[in-house]
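> Got a sequence here, can you build the structure:
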Amino acid sequence: MAMSETTQDAVELLTADHRKVDGLFVQIESASGAEKDDAIRQVTRELSIHAAIEEQIVYPVMRRSLPDGDAKVEEAIAEHQTVKETLAEIERLGSGAERDHHLESLMAGVRHHVEEEETELFPELRAAVGDEELRAMGAKLAAAKKLAPTHPHPGAPATPPGNIVAGAAAAVIDKARDAVSRR
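Next comes the predicted model:
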């Protein structure tokens, strides 16, 4: 099957996700009330999907392709775990000063993680695997977004094959939960 020339490669797709999340962070920082709550729901969804697809598709390639790939991926997974735990706490809290404290921590942690990925990991990945594989990964990431969990699941596995199986089950539950709450 030929890839479309317009298919984003993996780095482009993930970087676009980063920009979208940062835009939501800016909204959260300046909004209040229902507008802030909506932006928090959107950022929770975006980060949950992003972490799941990155862990399923990109990190296994990084492990085998990057110098010291195992250590770099383990650090990234640990950062994802912190994000998932923080998002779960934000969902649990609902509103108030404690939630806002967790939001500040989340935004700082995600911004740090994004900077590491974009300045270190993504350039290394691009150099290691080349354009064709990055385009194929981009297509897999785009497809996986449709099947990914939309809420954090900090207790779920973060590495294959467990994350693929758990992610599929979590996604079904999340989509039902979203439908019931009309998100």
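> Got the confidence number for P160?
Listed pLDDT for P160 reads 73.
> wait, it sits on V58?
No. P160 is beyond contact range of V58, at 11.5 Å (criterion: Cβ atoms under 8 Å). The C-beta positions use only the backbone N, C-alpha and C, and glycine is treated the same way.
> So for the two, which sits in the more crowded spot?
V58 (25 against 15; other Cβ atoms under 10 Å).
> Point out where the chain drops to low pLDDT.
The chain contains residues with pLDDT under 70 at 1-6, 165-169, 172, 182-183.
> Spell out which helix or strand contains the residue most central in space within it, please.
Centre of the chain computed as the mean C-alpha position; nearest residue by Cα atoms, centre = their mean is H50, 2.3 Å away. Using DSSP states H and E, H50 sits within helix 33-53.
> Can you give me the buried ones in that helix?
Within helix 33-53, the residues scored as buried using 16 or more other Cβ atoms under 10 Å are 36, 39-53.
> Tell me which two in those residues are the farthest apart.
Greatest spatial distance among the buried residues of helix 33-53 (Cβ to Cβ): K36 and I53, at 26.2 Å.
> ok, and the closest non-adjacent residue to A31?
A39 (5.8 Å; Cβ to Cβ, 6 or more residues apart in numbering).
> just P157 next, same as before
Nearest residue to P157, sequence neighbours excluded (Cβ to Cβ, 6+ apart): N163, at 4.8 Å.
> which other helices and strands contact the helix or strand harbouring that neighbour?
Assigned by DSSP H and E, N163 belongs to helix 162-181. Secondary-structure packing of helix 162-181 (3 or more Cβ pairs under 8 Å, 6 or more residues apart in numbering; DSSP states H and E): helix 33-53.
> My guess is T86 contacts M107. True?
No. Counting by Cβ under 8 Å, M107 is not a contact partner of T86; they are 9.7 Å apart.
> Return the backbone torsion pair for G96.
phi 110, psi 180 (degrees, to the nearest 10).
> count of residues packed around it?
Neighbours of G96 under the rule other Cβ under 10 Å: 8.
> what about T150, how many residues close to it?
T150 has 20 neighbours, counted by other Cβ under 10 Å.
> Leaving out the residues flanking it, which one is nearest to it?
Leaving aside its sequence neighbours, T150 sits nearest to D174 (Cβ to Cβ, 6+ apart; 4.3 Å).
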